[in-house]
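Colleague: predicted model, plus sequence, below.
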Amino acid sequence: MSPVPRRAPADFTPWPEHDARRYREAGCWTGESFTAMLRERVQRHPDRTAVVCGTRRWSYARLGERAERLAAGFARLGIVAGDAVVLQLPNVAEFLAVCFALFRLGAWPVFAQPAHRRAEIGHFCRHTGAKAYVIADLDGGFDHRELARQVQAESPSLQHVVVLGEAAEFVPFESLYEGPAVALPPEPQADQVAFLQLSGGSTGLPKLIPRTHDDYLYSVRASAEICGLDAGTVYLCALPAAHNFPMSSPGTLGTLYAGGQVVMCPKPAPDVAFALIAEHRVTLTALVPPLALVWLEAARSRRPALASLRMLQIGGAKCGDEVARRVQPELGCRLQQVFGMAEGLVNYTRDEDPPELVLGSQGRPISPLDEILVVDEEDREVAPGEVGQLLTRGPYTIRGYYQADEHNARAFTSDGYYRTGDLVRRLPSGHLVVEGRVKDQINRGGEKVAAEEVENHLLAHPAVFDAALVAMPDPYLGERSCAFVITRDSTLKASALGDFLRARGLAAYKLPDRYEFVERFPHTAVGKVNKRALRERIAQRLGAAPAAAGADAVPARDLPTPLDLSL
Ligand code: OOB
């Protein structure tokens, strides 16, 4: 059997051979692909429930069969190994079936988020030369077919739009299940790229993260073990399924690995999620901190619905002490803090950890082979217990972004450590406490906003002379974004900038929450915009008189209802 063709080496920075050998010898990389993993589970327990979605219940056999038939459907569309397919589905069973179908072909799902719009989807399509885009017709009232029309007009490589629901002029999802038999290519090899995950990023355009079967399946398997998953696990997928946290930490894939049951939750609102937890006896789920807060409030009146829940994972942004402390007494389940990143490294607090570490740290790495450095600005290790930037390297942390040589030279050290941009303190136990961030990013309740990306969009407005996006503290989301803007036209309104960004197709969570119009920016000694000073200025102003800020301060949006949030 001839191996699946590989893409150009520049697409993917492989691990150096001596490290790859170490990871294999240590048993991290087993050579098993996700395709082989699912096949084995189907053979072992075909009739067990794999996925529940609304009133539908798919057994492992059914999930396997759906994936196989979809693989044939995609093959009939001309999708071959190494092709990229942008995948933007809500939390439905088909999401998993498409993943496994594309894995089977050696094609790469690109994991778009439901909130992404023309700017992001267009970039993914053009950057990867995607051949197909998979969507639902409507999601949360938004018509993805209209978005697909716009994206298709701007993306020459895009040949097919596959639509779950009413397809209009596009390919109906269901039609992929039908059609003449087709020979599928050889199964993917485990050292090959399985998919492209998205980076939260800090620079102009979102970066893509190539993950291999070997490295990702290791993180899934080890996560499932750390979290004690087994056939009795019922996992509620409440965060968007394409995000790394609910996908693999241990998430949906970890649950399938363990032979458990995934329950797809269409949105994380307590009224929806609590009913599913009660109905399906859910044992495990994962949330970002602001959602955990919403659940805590709702549980005051509806705690019995949560009786089956054994553990709540909180991650994606720092879980405040207050939230952490309330989980066990008020929800009646254990808390696990999860500090991870789509680039690789994931840290968990463990069952056996003393309460002060579960409540007060963001956990310790999955693997004994994860290498952790905490360094100062000159990349020198700081003294134990001091705060510094976290650098990491290991068996499931990438060595480079997809086709981003220039950026890679900055984002990785010459010896392959990923610069996480997170400021941490390492405790003697090896647990990490996240203390802040050096990357130019806003963490809006788990949703990451790259400052430069938004600034570039603002700068495209003819009346904007300069723009700087910074984080401002927020009691609910942890942080929101504030755009400091120098205009050429004093009549420019915040609402006009918001409309402008929306018209450029930017995802809603990236729109600045507030605008501050200023004459000039403070600068650092070397002449860069002093963002720290801007952050302090806005924090002070909010702290002093949030409701009565100066006339040049314009809150751009009302507080979103808590579940505007979609990670
Ligand atoms: C997860 O992944 P990403 O790629 O969306 O974001 C990664 C970044 C980290 O570098 C850090 O800045 C922040 O999100 N972060 C946290 C955190 N978890 C993530 N900051 C403080 N405390 C935490 N617990 O967000 C992600 C991926 C896998 C599992 C969990 C989260």
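Modeller: Nice, I can see it.
Colleague: would you mind listing what in the stretch 251-400 of the chain touches the ligand?
Modeller: G315, G316, A317, K318, Q337, V338, F339, G340, M341, A342, V346, Q362 (CB under 6 Å from any ligand atom). From N, CA and C alone the C-beta is placed, and that goes for glycine too.
Colleague: which ones among these lie within strands?
Modeller: Counting by DSSP state E, these place G315, Q337, V338, F339, G340, M341, V346 in strands.
Colleague: just these now: which is nearest the ligand?
Modeller: Ranked by distance to the ligand (CB to the nearest ligand atom), these are led by G340 at 2.5 Å.
Colleague: surely that closest one is in contact with V346?
Modeller: Yes. Proximity of G340 to V346 meets the contact threshold set by CB atoms under 8 Å, at 3.6 Å.
Colleague: neighbour count: these two, which is higher?
Modeller: V346 (26 against 22; other CB atoms under 10 Å).
Colleague: how about that one, what does it touch?
Modeller: Listed by CB atoms under 8 Å, 6 or more residues apart in numbering, the contact set of V346 reads S219, S223, S249, V338, F339, G340, P365, I366, Y396.
Colleague: and the gap between H243 and E447?
Modeller: 10 Å (CB to CB, to the nearest Å).
Colleague: out of the ones in strands among the residues of the stretch 251-400 of the chain next to the ligand, who has the most neighbours?
Modeller: F339 (29 neighbours).
Colleague: pass me the low-pLDDT residue ranges in the stretch 151-300 of the chain, would you?
Modeller: Within the stretch 151-300 of the chain, no stretch has pLDDT under 70.
Colleague: tell me where it has helices.
Modeller: In the stretch 151-300 of the chain, the helices defined using DSSP state H, counting those that start in this stretch lie at 213-226, 244-248, 251-257, 270-280, 289-302.
Colleague: the stretch 451-567 of the chain now?
Modeller: 451-459, 494-503, 531-544.
Colleague: what's the closest of the ones you listed to the ligand?
Modeller: Of all the helices of the stretch 451-567 of the chain, helix 451-459 comes closest under CB to the nearest ligand atom, at 13.5 Å.
Colleague: hey, what's F195 bridged with?
Modeller: R211 (DSSP bridges).
Colleague: that one: what's it in contact with?
Modeller: C99, L102, F103, W108, P109, V110, F111, P210, R211, Y216.
Colleague: check the gap between it and Q159 for me.
Modeller: F195 is 19 Å from Q159, by CB to CB.
Colleague: write out the residues of the stretch 51-200 of the chain neighbouring the ligand.
Modeller: Applying CB under 6 Å from any ligand atom, we find that the stretch 51-200 of the chain lies next to the ligand at G200.
Colleague: can you check the pLDDT for the residue nearest to Y218 when sequence neighbours are not counted?
Modeller: Closest residue to Y218 apart from its sequence neighbours, by CB to CB, 6 or more residues apart in numbering: C28 at 4.5 Å. Looking at C28, its pLDDT reads 98.
Colleague: and what about C28, helix, strand or coil?
Modeller: coil (DSSP: H, G, I helix; E, B strand; the rest coil).
Colleague: count of residues packed around it?
Modeller: Neighbour tally, C28, other CB under 10 Å: 22.
Colleague: returning to that earlier point: format the helices of the stretch 451-567 of the chain as a markdown table; extra columns: mean pLDDT, distance to the ligand and mean neighbour count.
Modeller: Formatted as a markdown table, the helices of the stretch 451-567 of the chain follow (pLDDT from 0 to 100; distance: least, CB to the nearest ligand atom, whole Å; neighbours: other CB atoms under 10 Å):
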| stretch | mean pLDDT | distance to the ligand | mean neighbour count |
| --- | --- | --- | --- |
| helix 451-459 | 97 | 13 | 20 |
| helix 494-503 | 97 | 21 | 16 |
| helix 531-544 | 93 | 16 | 15 |
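Colleague: okay, the ones you listed in JSON lines with distance to E516 next?
Modeller: Converted to JSON lines, the helices of the stretch 451-567 of the chain look like this (distance: least, CB to CB, whole Å):
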{"stretch": "helix 451-459", "distance to E516": "12"}
{"stretch": "helix 494-503", "distance to E516": "9"}
{"stretch": "helix 531-544", "distance to E516": "7"}
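Colleague: in space, not sequence, find me the middle residue of this protein.
Modeller: Nearest to the geometric centre of the chain sits H243, at 3.2 Å (CA atoms, centre = their mean).
Colleague: wait, isn't that residue in contact with A115?
Modeller: No. Using CB under 8 Å, H243 is not in contact with A115; the gap is 10.8 Å.
Colleague: for the ligand, what's its nearest residue on the stretch 401-550 of the chain.
Modeller: Taking CB to the nearest ligand atom, the stretch 401-550 of the chain has V434 as its residue nearest the ligand, at 3.9 Å.
Colleague: would you list the phi and psi of that residue?
Modeller: In terms of degrees, to the nearest 10, the main-chain angles of V434 are phi -80, psi 120.
Colleague: tell me the contacts of it?
Modeller: Neighbours of V434 in contact, by CB under 8 Å, 6+ apart: K318, F339, Q362, D422, L423, V424.
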